[in-house]
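> With the sequence up front, the predicted model follows.
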Amino acid sequence: MLPWVVRRTRLPLLSLRCADCRSESAGTGEGRFRVNANGKLLDVWLLVRCVACDRTSKLAVHERVPVKSLDPAELHGYRVNDPELVASRLLDPLLARRNRFALDWTGAWRLDAPSPWLDEAWPVQVEVVFEDPVPVRPDRLIAQRLGLSRNEVLRRIKSDSPLRRPRSTGFTFTVMAGD
């Protein structure tokens, strides 16, 4: 079984309308949190910037939570702007739903796969693994990597997963020999 890995190259952009210029994209840049204490209650925001006008906006991560309810390591991560914590919060679907944004993965990922096989016995089985939840259509991914048309992919590829529906979790497929 040949391994293919879909990896994130940078944090995705956010599809989020800017209040100033009405642009629909924002980015996290280096990734910064703002932590604000109000007595024993804490607010944590993830700061994002509009790609068009550079206006800073806040995405609510925690609002009015007791300081003691947060894990000390997590609280420290917010204070030091831990890049892994920024990525995990940005990729959290609950945060996206609560703050009404979607992720734009265009240009933010790559496929690491071994060079095309020529001497392998047919059929060839491939396992695709996702390190981050990057939504890709399997037929496009396979067509691009193998240099096939999408119609030929649908003819030559056997998989238990639908090939024309975007997915962000691992799957396997088998490449059948060409005619």
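Nice, I can see it.
> Show me the longest strand that occurs in this protein.
strand 25-38 (DSSP state E).
> tilt between the helix or strand following that strand and strand 25-38?
As assigned by DSSP states H and E, the chain's next helix or strand after strand 25-38 is strand 41-50. Here strand 41-50 runs at an angle of 160 degrees relative to strand 25-38 (axes from the mean of the first three to the mean of the last three C-alpha atoms, to 10 degrees).
> for strand 41-50, packing partners?
strand 25-38, strand 56-66, helix 83-90 (3 or more C-beta pairs under 8 Å, 6 or more residues apart in numbering; DSSP states H and E). Heads up, the C-betas are built off the backbone N, CA and C, glycines and all.
> Which residues does stretch 172-179 contact?
1, 122-128, 138, 142, 146, 152, 156-161, 163 (C-beta atoms under 8 Å, 6 or more residues apart in numbering).
> Go through it and flag the buried ones.
By neighbour count on 16 or more other C-beta atoms under 10 Å, the buried set for stretch 172-179 is Phe173, Val175.
> Convert the C-alpha atoms of that stretch to CSV, please.
Extracted in CSV, the C-alpha atoms of stretch 172-179 (Å, rounded to 0.1, in the frame of the first residue of the first chain):
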residue,chain,number,x,y,z
THR,A,172,-8.0,4.2,0.4
PHE,A,173,-8.4,3.5,-3.2
THR,A,174,-7.2,1.0,-5.8
VAL,A,175,-5.8,2.0,-9.2
MET,A,176,-6.7,-0.5,-11.9
ALA,A,177,-4.4,-1.1,-14.9
GLY,A,178,-5.2,1.0,-18.0
ASP,A,179,-6.6,-0.4,-21.2
